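Trainee: Model the structure of this input:
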Amino acid sequence: MKNRRKLILGLAVTLDGYIEGPNGEYDWCFTDQDYALNKFFSQIDSLFIGRKSYEIAQQHAENNNGEIVPGMQEHVFSTTLKTVRDGATLIAANSMIEAKKIKEQPGKDIWLYGGAELSDAMMKADLIDELWLSVHPILLGSGKPLFRVQDSQHQLRLLESKTYETGLVSLRYRINKTGL
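Mentor: Below is the predicted model of the structure:
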């Protein structure tokens, strides 16, 4: 079996499992230090992002010529957008087939940056290889959950964990695939 790129769902999550507050807020995310992001960025060269996350990220990407993460190939998954910024790729049809094709291309790993709907679809399509969760020590009580109802169980294997003095816990899991 040839080596293929890993798709890593990497994001911040609250202890009670939310990725956004009830009004879409994410002001609870710690930004006081690196939390191993630079190490993570060195192992990826592309990102998958859904429309809503892309539009939010674009509001903060002005200083990077519109790039969400400078130097990364952006693949925007949307059936409603007609265009994306120069240098990004819009994937509007056959999205799971296209995602699989991108994973099979040579390169570094791919970051599944955001989008609950996109993450859910890629989980159901068995495309996600790893979860990198930055668990923040906060209980929001409501908001957008990390995972929706799944069709099947997913066994995980802990690859790495790190606890920071702020109380944030970084967890990296491999999703065990059938037959591996």
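
Trainee: going forward, measure contacts between C-alpha atoms and count neighbours the same way
Mentor: Fine.

Trainee: so where do the strands sit in the protein?
Mentor: Remark: strands assigned in the chain by DSSP state E are 7-14, 18-20, 44-50, 73-77, 89-91, 109-114, 130-136, 144-145, 156-163, 169-175.

Trainee: Any idea which helix or strand in this protein has the lowest mean pLDDT?
Mentor: helix 51-59 (a mean of 85; mean pLDDT, DSSP states H and E).

Trainee: Tally up the residues packed near the closest residue to Leu11 other than its chain neighbours, please.
Mentor: Nearest non-adjacent residue to Leu11, counting by Cα to Cα, 6 or more residues apart in numbering: Leu133, 5.4 Å away. Applying other Cα atoms under 10 Å, we find 20 residues neighbouring Leu133.

Trainee: on that earlier part again, off-centre distance for the least confident helix or strand of the chain?
Mentor: Averaged C-alpha coordinates place helix 51-59 at 13 Å from its chain's average position (Cα atoms, centre = their mean, to the nearest Å).

Trainee: ok, now stretch 123-131?
Mentor: Per Cα atoms, centre = their mean, the centroid offset for stretch 123-131 relative to its chain is 11 Å.

Trainee: still on that earlier bit, next, the contact list for the residue nearest to Leu11, please.
Mentor: By Cα atoms under 8 Å, 6 or more residues apart in numbering, Leu133 lies in contact with 9-13, 170-172.

Trainee: Are any of those residues buried, and if so which?
Mentor: The neighbour-count test (16 or more other Cα atoms under 10 Å) marks 9-13, 170-172 as buried among the contacts of Leu133.

Trainee: Can you tell me which of those residues is closest to Lys52?
Mentor: Nearest to Lys52 among the buried ones among the contacts of Leu133: Leu11, at 15.1 Å, using Cα to Cα.
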